[in-house]
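Visitor: just the structure for this:
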Amino acid sequence: MTVHFVGAGPGAADLLTVRATRLLAEAELVLYPGTYLDPEVLAHCGPDARLVDTQGLDLDQITAELVTADRAGHAVVRLTSGDPSLYSALHEQTQRLAVAGVAWSVTPGVPAYAAAAATVGSELTVPLVAQSVVLTRTQARSTAMGSGESLTTFAATGATLVLHLAITRIASLMAEIAPEVGEDCPVVVVYRASQPAEQVLRGTVATIAELVSRADLRQAAVILVGRALAGGVGESYLYSADRDREAKRVAEKQGGAW
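Guide: Okay, the predicted model is just below:
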């Protein structure tokens, strides 16, 4: 058997992949993150599936559930919020499964930041404004950040910043990046993107913390920071009328780069 790590997406029951819904329908055991998941997602599970909420479990307990079910020959799905490639503890869990001799696979999901950007109708990379996106978080009662992962360093690049797991520290974080991005830099906070309880707060580096405090947001929110959120007047080279498309076709035909 194989333990399937499946991205549950940002929470909406209709934002799972086709593969994800098939795996859920076939699973005999489903472990899910109850803190972040809209319960409607679990409607994709079969009527006889055993459902285990992991929000009260530690890594040893989660691993024991996965290994025991696998050895019993059961189909197993480990749901993660968003996409497994971001802040899902995928590495720790798969390492333990490998030691136990349990096979595993990964099915991607819609990341929360993508759902947040879709909610506000923003492209995070705008020509002549920002062509990079930094996905990061902050450190409080959590895993230490790498020595070179300074938020001010990221902010100084002008890239669009996506801050995860940071909503309770938004005031100090905005004060930290203000000298780099400016107090008037646009900020959008999306709480529970795509879910029924979704909430959007729009402000600037100077004002967003107060808005978050008034809304009493404490978890499950993505913070987007950057000038790209205000749009721009730049034109993408990909679709520019000035682009020499015929030369591109000739170069591609001859196997050259363009």
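
Visitor: okay, CA-based contacts and neighbour counts for the rest of this
Guide: Noted.

Visitor: start to end distance for stretch 66-78?
Guide: 8 Å (Cα to Cα, to the nearest Å).

Visitor: can you give me how far that stretch is from the chain middle?
Guide: With Cα atoms, centre = their mean, to the nearest Å as the basis, stretch 66-78 stands 26 Å off its chain's centre.

Visitor: for it, which residues meet the burial criterion?
Guide: 66-67, 69-70, 74-78 (16 or more other Cα atoms under 10 Å).

Visitor: mind listing the strands for the stretch 151-258 of the chain?
Guide: Here the stretch 151-258 of the chain has its strands, by DSSP state E, counting those that start in this stretch, at 160-164, 186-191, 199-204, 221-225.

Visitor: how about those strands in TSV, adding mean pLDDT and mean neighbour count?
Guide: Shown next, in TSV, are those (pLDDT from 0 to 100; neighbours: other Cα atoms under 10 Å):
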stretch	mean pLDDT	mean neighbour count
strand 160-164	96	23
strand 186-191	97	24
strand 199-204	97	17
strand 221-225	97	25
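
Visitor: nearest to Thr94, out of those?
Guide: strand 160-164 (22.5 Å; Cα to Cα).

Visitor: contacts for stretch 91-98, please.
Guide: 59, 63, 67, 103-104 (Cα atoms under 8 Å, 6 or more residues apart in numbering).

Visitor: and that stretch, how far out from the chain middle?
Guide: Distance, centroid of stretch 91-98 to centroid of chain: 21 Å (Cα atoms, centre = their mean).

Visitor: host element of Ser85?
Guide: Using DSSP states H and E, Ser85 is not contained in any helix or strand.

Visitor: where along this protein do the helices fall?
Guide: Counting by DSSP state H, the chain forms helices over residues 18-26, 59-71, 90-99, 112-120, 151-156, 170-181, 208-215, 245-253, given from the N-terminal end onward.

Visitor: nearest to Asp48, of these?
Guide: Once those are compared by Cα to Cα, helix 18-26 is nearest, at 9.8 Å.

Visitor: and the closest one, what's buried?
Guide: Buried residues in helix 18-26, counted by 16+ other Cα under 10 Å: 20-21, 23-26.
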